[in-house]
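Engineer: next comes the sequence, and after it the predicted model I'd like to discuss.
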Amino acid sequence: MSDVMRIMPFKNLVEWIKKENESSNSIFGVRKYYKADTKKYFNIYKEHIETPIGPAAGPNSQLAQNIVASYIAGARFFQLKTVQELNGEALAKCVNKPCIKAEDECYNCEWSTELYMDDAIKEYIKAWVLLHFIAKEYGLGSSKGFVFNMSVGYNLDDIKKKDTDTFIECMKDANKHPIFNECKEYLKEHIIILSFNNTGLFKRAYK
């Protein structure tokens with residue numbers, strides 16, 4: 001197994017989801033889909049979550065497909081992998097591999113994303129759009145039934161740095177990021193969509 005995190009284009013992720021679901025009744029290896037009762041939810045940060053569980057910041061919340069797999073299994077609160085000034089190749093050189101060690105007791109020795117800052121932004125945006133897509137497409141819950149929670153920096157100086165601040169502002173409103181528009185356009189072209197607004201909510205129609 002490679003020790004390098006490799007991101008996939010949005011269109012590849014959508015096609016993988018569709019083909020695996022059709023051929024194996026699974027998505028990214030998850031065979032039992034959790035379907036939430038959209039009438040029941042918990043309030044958090046002025047948002048709604050359909051279940052009070054989800055992955056903590058770690059390797060399992062770094063790539064879009066891992067976030068999707070967690071959602072399908074029932075997660076609705078996602079603490080995204082920590083982003084800080086030290087990231088990408090510089091961080092990868094500092095982290096022992098494998099980053100999850102289980103020789104005696106299991107712990108994670110990787111402290112923040114190994115992706116470059118912009119790649120991390122892209123992964124989280126792709127994941128966010130994918131969750132809206134699969135929630136509607138496979139009837140797994142409300143498109144307003146999950147929350148992404150940022151994990152950023154290790155001190156105030158790091159959080160105030162330009163790159164980290166850019167990440168925070170983009171996560172607060174991704175409408176202007178090219179990958180967000182790329183994801184929307186791909187769904188519009190390949191899934192029959194009646195509307196797709198800035199909140200990510202869309203209606204689907206079948207021929």
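Structural biologist: Structure's in. What do you need?
Engineer: for this protein, just list every one of the helices.
Structural biologist: Listed in chain order, the helices found in the chain under DSSP state H are 10-24, 64-73, 88-92, 117-137, 156-160, 162-172, 178-190.
Engineer: can I get the ones you listed in TSV including distance to Phe146, mean neighbour count and mean pLDDT?
Structural biologist: C-betas here are computed from N, CA, C, even on glycine. As requested, these are exported to TSV (distance: least, Cβ to Cβ, whole Å; neighbours: other Cβ atoms under 10 Å; pLDDT from 0 to 100):
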stretch	distance to Phe146	mean neighbour count	mean pLDDT
helix 10-24	16	15	94
helix 64-73	7	23	95
helix 88-92	27	14	60
helix 117-137	6	22	92
helix 156-160	25	12	83
helix 162-172	15	15	87
helix 178-190	16	16	90
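Engineer: Phe148 is nearest to which of those?
Structural biologist: Closest of the helices of the chain to Phe148 is helix 117-137, at 6.2 Å (criterion: Cβ to Cβ).
Engineer: which helices and strands sit right next to that closest one?
Structural biologist: Counting contacts by 3 or more Cβ pairs under 8 Å, 6 or more residues apart in numbering; DSSP states H and E, helix 117-137 packs against helix 10-24, helix 64-73, strand 147-149, helix 162-172, helix 178-190, strand 202-204.
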